[in-house]
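S.K.: got a sequence here, can you build the structure:
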Amino acid sequence: MTFELTPRTGPGATVVTAAESLVTTFAERAEAADAENEMCRENFDDLFTSGISSAFVPQELGGFGLESIHDWTLAIATLARGDASTAIAITMHHAIARRMAQIYSLANTDLGPDHELTRDLAAPLRKMASGEMLVCATATEIGTDNLHPVTEVVRHRHGDRDGWRINGQKIFVTMSPIATHVSTVARLRDDDGDNMANIVLPMDTPGLLPQNDWDALGMRGSGSQSVVFKDAWVPESALSRIGPWGKWSLKYLEFRAIANIVLVGAFLGIAEAAYDIALAKLLTRSRVGQLAAEQSGIQNLVGEMALELAQCRAVLGAAGVQMDEYCERHSTSAASMEDAHGLMNDYQTAKWTVNRGAIGVVSKAMDLLGGSGYTNSHVLGRLYRDVRAGPFMQPFGPAELREYVGQVTLGQYPER
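M.R.: Numbering: from 1, shown residues only. Predicted structure coming up:
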C-alpha cells in the first residue's frame, strides 16, 4: 500500500499488532451493532483482554506505556477497519488515560518529584489496567462551541464537605452506556471570575442522568447518547481548572489537538476498509465476459481512490510525527500559545484532508460496486454512513476550520 503507516515505537508496535488481531472479529460484529443501534460490549471485553484499553498506562502499573500520538492514531485507524464506532469510543478513554499518565510521569521524575500526586494518579491508572475504570469524555453542547460551555459548576457545600454542583446537558457522550466514569468540561463561576473546568465523575453519581437518545445516521454502535447533569455533586478532587472561559488556553489547545487528531485516524480506517472491499470484489467480478479489473473506467476510478488514500495517509502520518516531536520538545519546557496554535493547525489540516479524502474513497467504492452497496445491510452502506461523521466533529466544523487555518497561517492567532 502506498504511504502505508507503520509504528514508530516499541509500545506502539505492540498496540497496533493487538489492534490488527481484532479487525476481523470486530467487522463480523459490526453489522449487528449497527442494526440494533447498540454498543458491542464484547468488543470492549476484547480491548481489555488485549491490553489496548490500558495502552497508555505506564508499564510499571500494568499497561503498555504507549506515548506516541502517531502510533495511537495508527492503532485507532486499524480498529476502525473493523468497527469505527468502537474505535472512536475507545479514544475517549485513551485521551483521559494519556493525560493522567503524562502527569504521573512528570510527577515521578527527578526534575521535581511529587510523591503525593504520583500516588493519587497511580490508583486510577491501576484501575484502568485492571478494567475497573473506563472513562467516556465529552465537551459538546447544543447551540454553543467547546470554548463556551453552558453547563455550569458553582460552589456548593454537601454535608460537611466543600465542593461543587454541576447543571447542564452534554451531547455526543460517546461510550457512556458502558463507561464507569465521565470526563467533561464546564463553566466555573466563583470569585476569580469565569473559568473552564474539567470534571471527572462516576457514571452512577446521583443527578447524572443518561438520556438513552442516541439514534443517528452512522456510528450507531458508539453509544453517543446525551447526559444531563441535575444538581450533581462534584467533590474538590474531581475538578481541575483549565483556563479562562470563552478563550483558548495553552493547556486546552494542546489537549484538544492531541486528543482529537486520533479520531481522524478512525476515518482513515473506514476509507481503507472500503478500498479493500472494493478491490477484492473487482478482482473476481466479470461483466460481459470481461474481468472488471481490466476495464479502463474502473482502472481510472481505482487510481483516484489510491491517490486519495495515499494523500490521507501521508498527511495524517506527518501530523502524527509532528505531534510526537512537539510533545518531546515541550516535555520539560512550556510551549508558547503560538506553538500550541501551530499544533492545532496541524490537526485541522489533517482533519480536512482525511475527512474529505475518506468520504471520496468510500463514495467511489460504492460507485464501483453499484447497487449492491446501496443497502443498510451491506458493509459499504454502513461505512458510507459512518464516514459522514468526520467533518462536523469539533473542533472545528468545515466553515470554522477554514477560517481558523487562515488565521493561523496569517499569524492572526484567535483567542476564542
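S.K.: what about the strands in the chain?
M.R.: Applying DSSP state E to the chain gives strands spanning 135-138, 152-158, 161-173, 181-190, 193-202, 208-210, 225-235, 239-244, 286-287, 290-291.
S.K.: quick one: which of these is nearest residue 390?
M.R.: Among those, the nearest to residue 390 by Cβ to Cβ is strand 161-173 (13.3 Å). Just so you know, the C-beta spots here come from the backbone N, C-alpha and C atoms, and that holds for glycine as well.
S.K.: now the closest one against strand 193-202, angle please.
M.R.: Put simply, strand 161-173 runs at 80 degrees to strand 193-202, going by axes from the mean of the first three to the mean of the last three Cα atoms, to 10 degrees.
S.K.: alpha carbons only: can I get strand 161-173 in CSV?
M.R.: Extracted in CSV, the C-alpha atoms of strand 161-173 (Å, rounded to 0.1, in the frame of the first residue of the first chain):
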residue,chain,number,x,y,z
ARG,A,161,-17.7,18.9,52.7
ASP,A,162,-17.0,21.8,50.4
GLY,A,163,-17.3,21.1,46.7
TRP,A,164,-19.3,22.0,43.6
ARG,A,165,-22.7,21.4,42.0
ILE,A,166,-23.0,20.8,38.2
ASN,A,167,-26.0,21.5,36.0
GLY,A,168,-26.3,21.2,32.2
GLN,A,169,-26.5,18.8,29.3
LYS,A,170,-23.9,17.3,27.1
ILE,A,171,-24.5,15.6,23.8
PHE,A,172,-22.4,13.0,21.9
VAL,A,173,-21.2,11.4,25.1
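S.K.: about what we covered before: got the strands of the chain as TSV, with distance to residue 83, mean neighbour count and mean pLDDT columns?
M.R.: Formatted as TSV, the strands of the chain follow (distance: least, Cβ to Cβ, whole Å; neighbours: other Cβ atoms under 10 Å; pLDDT from 0 to 100):
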stretch	distance to residue 83	mean neighbour count	mean pLDDT
strand 135-138	17	24	96
strand 152-158	35	15	89
strand 161-173	18	19	95
strand 181-190	22	22	95
strand 193-202	26	19	95
strand 208-210	22	17	98
strand 225-235	18	18	97
strand 239-244	32	16	93
strand 286-287	31	10	76
strand 290-291	31	12	82
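S.K.: and residue 400, which of those strands is closest to it?
M.R.: Nearest to residue 400, of all those, is strand 161-173, at 16.7 Å by Cβ to Cβ.
S.K.: can you list the weak-confidence ranges in the protein?
M.R.: Applying pLDDT under 70 to the chain flags residues 1, 110-113.
S.K.: in it, what residue sits furthest out from the centroid?
M.R.: The centre of the chain is farthest from one residue, residue 289, which by Cα atoms, centre = their mean lies 45.9 Å away.
S.K.: and it, how far is that from residue 298?
M.R.: Using Cβ to Cβ, to the nearest Å, residue 289 is found at 15 Å from residue 298.
S.K.: and residue 114, by the same measure?
M.R.: According to Cβ to Cβ, residue 114 and residue 298 sit 61 Å apart.
S.K.: swap in residue 337?
M.R.: Distance of residue 337 to residue 298, given as Cβ to Cβ: 50 Å.
S.K.: comparing those two, which shows the higher neighbour count?
M.R.: The neighbour count for residue 337 versus residue 298, taken as other Cβ atoms under 10 Å, is higher for residue 298 (18 against 13).
S.K.: would you confirm that the more buried one contacts residue 368?
M.R.: Yes - using Cβ atoms under 8 Å, residue 298 is in contact with residue 368, at 6.5 Å.
S.K.: need the residues touching each of the two.
M.R.: With contacts defined as Cβ atoms under 8 Å, 6 or more residues apart in numbering, the residues shared by residue 298 and residue 368 are residue 282.
S.K.: break the chain into its domains for me.
M.R.: What automatic domain parsing lists as the domains of the chain is 10-134, 152-244, 250-409.
S.K.: to residue 145, which of those lies closest?
M.R.: Short answer: domain 250-409, nearest of the domains of the chain by Cβ to Cβ, at 7.0 Å.
S.K.: please name the residues that touch the residue most central in space within the chain.
M.R.: Nearest to the mean C-alpha position of the chain, by Cα atoms, centre = their mean, lies residue 263 at 3.6 Å. For residue 263, the contact set (Cβ under 8 Å, 6+ apart) comprises 76, 88, 91, 390, 393.
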